[in-house]
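**Q** Just the structure for this:
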Amino acid sequence: MMQRLGLTARLLALGLLPSLAALLLLGALLQASMRDSLHTGLAQRLGDSADRIQAHVSLAANGQWRYSESTPGGAFNQIFSGAYWVLQAPGQTLYSRSLWDASLHPQAPADRSGLLRNRDPRGRALLGLERPIEQDGQQATLRVYVLAEETDQALARIQRILFMGLGALFIGAALTTVLQVRWGLRPLARLQRRLAGMHGAAPTDSMPRGDTGHTALGSGYGPDLDPLAHEIDALLERNTRMLARGRAHAADLSHALKTPLARLSAQASQTPQVPSPLVLAQVQSMNGLIERHLSRTSSSGDEHAASANRQAVPVYEVLQQLMQLMQHIRPERGLHWQLDAGPSAQALHWRGDRADLEEMLGNLLDNASKWASRRVHIQLQASAPAKASARPRAALCICIADDGPGIAAEDLQHAGQRGQRFDQSTPGSGLGLSIVADIAHSWGGQLQLSPSLTLGGLQAQLWLPV
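**A** Reported below is the predicted structural model:
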């Protein structure tokens, strides 16, 4: 039942139902207390009347009880006044003058207050008190009654006032609860409006922005809802980043396919028949680009999906395998490959996806083998950068340097951008460094490019958290 109710209805129900139950219980207790108080006061008045009546009751010499009043008057002497008394003894019963020639019905047992209930000859409800009396060893029972109407009316008036007061209290509590719920849910409503406005209205300068420039929820919803807003912003950030990656990969692939297609088009315009080896080479190139791009589109390097694919990857072993592969791919270059890693560095493991690491290192080594003149130097080391550093706190650094022409200082800031190439004479699509940068960023690392101080070419430093 509660699951079908909205949040507002649940809060109102949880706030009002206990209040209603408490007020009903309080009303019942107050009503019982008031009734007992009225009955106690009535019992005291009846006791006073019984004292006065008992003062005029005596036992005659013949053993009979008699009532004698020197100044007759009062309610007990007025016929059917509603005030009656009965003196009952073995073999004898005396009645007040107010009963005239009538008698009372047998009395009902005393209730919780100790009062007797009965009805007079006219059928009116009575409340009475019973008292035993004794004189000269003779016992009798005196019962004094008055009309219950006055007490019942007083109790009814008190009940009306009580119920009106409790009703007003409940209405006040209900209004207060409604205001509290509305006021308490106001940040949630503001969050909902902001979330709806993110896709239903044009963004404004006043709206918060995420890291990727998308409209964000921001904060200011209170300590309870701010974490929720931050989680939603993180989800939106992730989706925006994935969408941007998808668009970027599509643009990269389109750019990369232009080169082999242009070669085929140029060859076809020059000769009637395009040589099969050239067609096969360009088709294989395009197929490789497509496969690589599809692999990156569904990459596990996404920071949320990667948690299930994390494994301890031996970095030194991967470097050795890729270096040997590069030596077999381009044996005609005759490059000298050098891998430096101390004993502690050789034992380094990266907590991530092996395929992502192989793709990052493969692209960097492939780029170095294209541009190196004679030497490629690879260094693996662990590092704990300074607090102010932009690099990860605990990281491993893979430094790959070559003795090629390098990149001009003014072009370094553009290096690694998608499709960016600085020498059109060398085969390639300009995707390699951008792919490395994207994967490294998705794992919390980064790619840094700088001139090599030792070899004079380009130095690529890949920082990855461990």
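
**Q** Please name the residues that touch Leu147.
**A** Leu147 is in contact with Gly82, Ala83, Asp120, Arg124, Ala125, Leu126, Leu127, counting by Cβ atoms under 8 Å, 6 or more residues apart in numbering. C-beta here means a position set from N, CA and C on the backbone, and glycine is covered the same way.

**Q** now the top helix by length along the chain: mean pLDDT?
**A** When secondary structure is assigned using DSSP state H, the longest helix within the chain turns out to be helix 149-200. For helix 149-200, the mean per-residue pLDDT is 85.

**Q** Check the offset of that helix from the chain's centre.
**A** In this view, helix 149-200 has its centroid 25 Å away from the chain centroid, taken as Cα atoms, centre = their mean, to the nearest Å.

**Q** can you check stretch 340-352 too?
**A** Between the centre of stretch 340-352 and the centre of its chain there are 42 Å (Cα atoms, centre = their mean).

**Q** re earlier: what's the longest helix of the chain packed up against?
**A** Contacts defined by 3 or more Cβ pairs under 8 Å, 6 or more residues apart in numbering; DSSP states H and E place helix 149-200 against helix 7-55, strand 125-135, helix 226-270.

**Q** Check which helices and strands the first one sits against.
**A** It stands for helix 7-55. Packed against helix 7-55 by the contact rule (3+ Cβ pairs under 8 Å, 6+ apart) you find strand 84-89, strand 125-135, strand 138-147, helix 149-200.

**Q** Would you format those as a markdown table with distance to Gln31 included?
**A** Formatted as a markdown table, these follow (distance: least, Cβ to Cβ, whole Å):
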| stretch | distance to Gln31 |
| --- | --- |
| strand 84-89 | 28 |
| strand 125-135 | 17 |
| strand 138-147 | 21 |
| helix 149-200 | 6 |
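
**Q** still on that earlier bit, most tightly packed of the helices and strands packed on helix 149-200?
**A** Using mean count of other Cβ atoms under 10 Å, the stretch among the helices and strands packed on helix 149-200 with the largest mean neighbour count is strand 125-135, at a mean of 17.

**Q** Show residues contacting that strand.
**A** Outside of strand 125-135, the residues within contact range by Cβ under 8 Å, 6+ apart are 39, 42-43, 46-47, 50, 54, 57-59, 82, 84, 87, 104, 107, 110, 114-120, 139-149, 151-152.

**Q** Neighbouring strands - and their directions - for that strand?
**A** Paired strands of strand 125-135, with direction, are strand 116-119 (antiparallel), strand 138-147 (antiparallel) (DSSP bridges).

**Q** Domain parsing of the chain, as residue ranges.
**A** Using automatic domain parsing, the domain parsing of the chain gives 1-59+74-201, 206-298, 307-465.

**Q** Now find how far off-centre the first one is within its chain.
**A** Distance, stretch centre to chain centre, for domain 1-59+74-201: 48 Å (Cα atoms, centre = their mean).

**Q** who are the neighbours in contact with the residue nearest in space to the middle of the chain?
**A** In the chain, the C-alpha nearest the mean C-alpha coordinate belongs to Leu228, at 6.9 Å (Cα atoms, centre = their mean). For Leu228, the set of contacting residues under the criterion of Cβ under 8 Å, 6+ apart consists of Leu191, Tyr221.

**Q** Let's see the pLDDT reported for it.
**A** 82.

**Q** Pull up the gap between it and Leu5, please.
**A** Remark: distance between Leu228 and Leu5 (Cβ to Cβ, to the nearest Å) = 21 Å.

**Q** now Gly334
**A** Distance from Gly334 to Leu5, counting by Cβ to Cβ: 78 Å.

**Q** before we move on, back to that, next, the angle helix 7-55 makes with the longest helix of the chain.
**A** For helix 149-200 and helix 7-55, the angle between their directions (axes from the mean of the first three to the mean of the last three Cα atoms, to 10 degrees) works out to 170 degrees.

**Q** re the thing from before, can I get the contacts of Leu147 in JSON lines with distance to Val313 and pLDDT?
**A** Shown next, in JSON lines, are the contacts of Leu147 (distance: Cβ to Cβ, whole Å; pLDDT from 0 to 100):
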{"residue": "Gly82", "distance to Val313": "103", "pLDDT": "88"}
{"residue": "Ala83", "distance to Val313": "104", "pLDDT": "91"}
{"residue": "Asp120", "distance to Val313": "103", "pLDDT": "86"}
{"residue": "Arg124", "distance to Val313": "100", "pLDDT": "90"}
{"residue": "Ala125", "distance to Val313": "95", "pLDDT": "89"}
{"residue": "Leu126", "distance to Val313": "98", "pLDDT": "90"}
{"residue": "Leu127", "distance to Val313": "94", "pLDDT": "91"}
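
**Q** Using a markdown table, lay out those together with distance to Arg247.
**A** Listed next are the contacts of Leu147 as a markdown table, based on distance: Cβ to Cβ, whole Å:
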| residue | distance to Arg247 |
| --- | --- |
| Gly82 | 97 |
| Ala83 | 100 |
| Asp120 | 98 |
| Arg124 | 94 |
| Ala125 | 90 |
| Leu126 | 95 |
| Leu127 | 91 |
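
**Q** partner strands of the one helix or strand Leu380 maps to, parallel or antiparallel?
**A** With elements taken from DSSP states H and E, the one containing Leu380 is strand 375-383. Strand 375-383 has these partner strands in its sheet, going by DSSP bridges: strand 336-340 (parallel), strand 395-402 (antiparallel).

**Q** mean confidence score for it?
**A** Averaged across strand 375-383, pLDDT comes to 91.

**Q** CA atoms only for it, dumped as PDB, please.
**A** Below are the C-alpha coordinates for strand 375-383, written out as PDB (Å, rounded to 0.1, in the frame of the first residue of the first chain):
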ATOM      1  CA  ARG A 375      67.600   4.800 -31.700                       C
ATOM      2  CA  VAL A 376      64.500   4.400 -29.600                       C
ATOM      3  CA  HIS A 377      65.000   4.500 -25.800                       C
ATOM      4  CA  ILE A 378      62.300   3.200 -23.400                       C
ATOM      5  CA  GLN A 379      62.500   3.800 -19.600                       C
ATOM      6  CA  LEU A 380      60.100   2.400 -17.000                       C
ATOM      7  CA  GLN A 381      60.000   3.800 -13.500                       C
ATOM      8  CA  ALA A 382      57.800   4.400 -10.500                       C
ATOM      9  CA  SER A 383      57.200   7.900  -9.300                       C
END
